[in-house]
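Okay, sequence plus prediction incoming.
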Amino acid sequence: MPSVEKIIEKMQAQPNGIRPEEADKVLKAHGYVPVRQKGSHKHYLNKSTGDLTTIKQETPLKKAYVTDILNRIKQ
């Protein structure tokens, strides 16, 4: 499995080809933990900042989710 840095580079270069597992790995590496899943939507909470984000578990992720993740982790 690629490292978090490689996944972030891929997210920046090709935001339309990201799998939910890759997004999950990046979010977890930046302090987000999955708090619940309802249907196809998984909720992640950053306990240090209180930031909550929702990611739809579809392959590939839509570009909007990928850009949102990059903005939240400040990349």
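Now that the structure is in, tell me what you want to look at.

roughly how far apart are Lys47 and Val35?
From Lys47 over to Val35 the distance is 9 Å, taken as C-beta to C-beta, to the nearest Å. From N, CA and C alone the C-beta is placed, and that goes for glycine too.

I misspoke; the intended subject was Ile8.
23 Å.

So for those two, which sits in the more crowded spot?
Set side by side, Ile8 and Val35 show more neighbours around Ile8, with 19 against 11, by other C-beta atoms under 10 Å.

Assumed that one was part of a helix.
Yes - counting by DSSP: H, G, I helix; E, B strand; the rest coil, Ile8 is part of a helix.

okay but it is in contact with Leu27, surely?
No - Ile8 is beyond contact range of Leu27, at 11.1 Å (criterion: C-beta atoms under 8 Å).

which residues does the residue nearest to the spatial centre of the chain contact?
Relative to the mean C-alpha position of the chain, the nearest C-alpha, by C-alpha atoms, centre = their mean, is the one of Ala23, at 3.3 Å. By C-beta atoms under 8 Å, 6 or more residues apart in numbering, the residues touching Ala23 are 11, 55, 61, 65-66, 69.

So it lies in a helix, does it not?
Yes - secondary structure of Ala23 (three-state DSSP): part of a helix.

His43: which of the contacts of Ala23 is nearest?
Nearest to His43 among the contacts of Ala23 is Ile55, at 8.1 Å by C-beta to C-beta.

can you count the residues close to that closest one?
What Ile55 shows, counting by other C-beta under 10 Å, is a neighbour count of 23.

the helices in this protein, which residues?
4-13, 20-29, 63-72 (DSSP state H).

Next, format the ones you listed as CSV and append mean pLDDT and distance to His41.
Shown next, in CSV, are the helices of the chain (pLDDT from 0 to 100; distance: least, C-beta to C-beta, whole Å):
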stretch, mean pLDDT, distance to His41
helix 4-13, 96, 19
helix 20-29, 97, 11
helix 63-72, 96, 11
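
from those helices, which stretch is densest packed?
helix 20-29 (a mean of 18; mean count of other C-beta atoms under 10 Å).

Now do that helix: distance to the chain's middle.
Between the mean C-alpha location of helix 20-29 and the chain-wide mean there is a distance of 5 Å, by C-alpha atoms, centre = their mean, to the nearest Å.
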